[in-house]
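>>> with the input below, show me the fold.
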Amino acid sequence: MTVIPGDGIGPEVVHEALLTLEALDLGLGLDVLDHVNADAYLRTGTALSDRDFERVRASAATLLGAVGDPRTDGTDYARGVLLRLRFDLDLYVNHRPARLLHDRLSPLRRKEHRPLDCVIVRENTEGLYAGIGGRLRPGTPHEVALDVEISTGHGVERVIDYAFSIARRGVCMVDKSNAVRNGGGLWQRRWREAAEARPDIETTHLYVDNAVMQLVADPTRFDVIVANNSYGDILSDLAAELAGGLGAATSANLNAATGFGLFEPVHGTAPDIAGQGVANPVGAILTAGLMVGHLGHRDAAKAVTRAVDRAIDLERTTPDLGGDLTTAEAGAAVRAELR
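Below you'll find the predicted structure:
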């Protein structure tokens, strides 16, 4: 497997994740691309070289810490790494599990609605983030900006099929087809076809504004939510906050046909706290657990989850989760519970 520690707090939290993988003693071979970072981009102008891309492609999976740096101008660098991997490897599923880590971490007032345990399945290669559009007369009072949302029958069908494949109880499809009629109509047709083919799975549909409200009002009603790129982006961050915060949130970018996965905690590079030893390593550790489960080491993945749960229960965590430990100490606390 390949590892890209990245920027900001990425190398700090990935270090703890790799120590956790080492403690699991799974015999994983690691190819660490620690030269793929903003420093190299600023020096060479290349975000991810073709050679490094091929090293990633040849691996079984990739663990990514975080990419991005305020010294880089615009989004070309981060897009050059993350979106190149997503699009060129056709990682069409963004799989975002959200499970309440501890009752004290939930922002919800009603205790019975706190135990969130769902997955947001976000279409990952189409939609508004495909980069289709442009500007006319930029910088003038008559500037026109266009961002085109792309939906294809193939793309919509396969991400909905993936959502059904992982469902335990039901799948809720979220769109805005009452207002966005063309793409919405395509999603609705593919949704009906998939639902008819899987009568054993409970199916529901919500418009995105209502889905946001329902996710806050009672997140326990959801098992799997499937949505397009932009709606899924918003819903998955909301679910992460309901589950205890972005510092512990995990994600997988998957191609279900090839089996390849790019796994990353979703907290970003957090340059304001980089190098201070206070970053929360739980998201990276749980992401590593998600990755090894994907690679077939399911018992090891469950062991990581149990160890994190125990460390959080004991408040052996960084301050954002209620403890007073450093990044390294919090990582060590999780590994102590593995034993």
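>>> now the strands for the stretch 51-200 of the chain?
62-66, 93-99, 117-123, 133-136, 144-147, 170-175 (DSSP state E, counting those that start in this stretch).
>>> can you tell me which of those is packed in deepest?
strand 62-66 (a mean of 27; mean count of other CB atoms under 10 Å). Heads up, the C-betas are built off the backbone N, CA and C, glycines and all.
>>> list the contacts of that one.
Strand 62-66 has contacts (CB atoms under 8 Å, 6 or more residues apart in numbering) with 1-11, 13-14, 17-18, 56, 82, 85, 261-265, 267-270, 284, 287-288, 291.
>>> what of stretch 103-119?
With CB under 8 Å, 6+ apart, stretch 103-119 has contacts from 95-100, 166, 216-220, 222-225, 239, 241-245, 312, 321-322.
>>> find the centremost residue of this protein, please.
residue 251 (2.7 Å; CA atoms, centre = their mean).
>>> residue contacts, that residue?
94, 95, 96, 236, 263, 264, 265, 266, 287.
>>> with distance to residue 34 and mean pLDDT as added columns, please give the strands of the stretch 51-200 of the chain in CSV.
Shown next, in CSV, are the strands of the stretch 51-200 of the chain (distance: least, CB to CB, whole Å; pLDDT from 0 to 100):
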stretch, distance to residue 34, mean pLDDT
strand 62-66, 10, 97
strand 93-99, 25, 98
strand 117-123, 28, 98
strand 133-136, 35, 96
strand 144-147, 34, 96
strand 170-175, 38, 98
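>>> relative to residue 255, which of those strands is closest?
Closest approach to residue 255 among those (CB to CB): strand 93-99, 7.4 Å.
>>> so what strands line up beside that closest one?
Strand 93-99 has these partner strands in its sheet, going by DSSP bridges: strand 117-123 (antiparallel), strand 252-254 (antiparallel).
>>> off-centre distance for the first one?
Going back to what we said before, that points to strand 117-123. Computed by CA atoms, centre = their mean, to the nearest Å, the chain-centroid distance of strand 117-123 equals 9 Å.
>>> can you pull out the low-pLDDT segments for the chain?
For the chain, applying pLDDT under 70 flags no range at all.
>>> residue 67 and residue 3: what is the separation?
13 Å (CB to CB, to the nearest Å).
>>> more neighbours: these two, which one.
residue 67 (28 against 24; other CB atoms under 10 Å).
>>> just to check, that one is in contact with residue 269?
Yes - Residue 67 is in contact with residue 269 according to CB atoms under 8 Å; the separation is 6.9 Å.
>>> so which of the contacts of strand 62-66 are in helices?
Using DSSP state H, 10, 11, 13, 14, 17, 18, 56, 85, 284, 287, 288, 291 are the members of those that sit in helices.
>>> switch those residues over to CSV; also include distance to residue 331 and neighbour count.
Formatted as CSV, the ones in helices among the contacts of strand 62-66 follow (distance: CB to CB, whole Å; neighbours: other CB atoms under 10 Å):
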residue, distance to residue 331, neighbour count
10, 14, 27
11, 13, 19
13, 8, 30
14, 10, 27
17, 8, 28
18, 10, 20
56, 25, 24
85, 25, 22
284, 9, 34
287, 13, 25
288, 11, 30
291, 16, 26
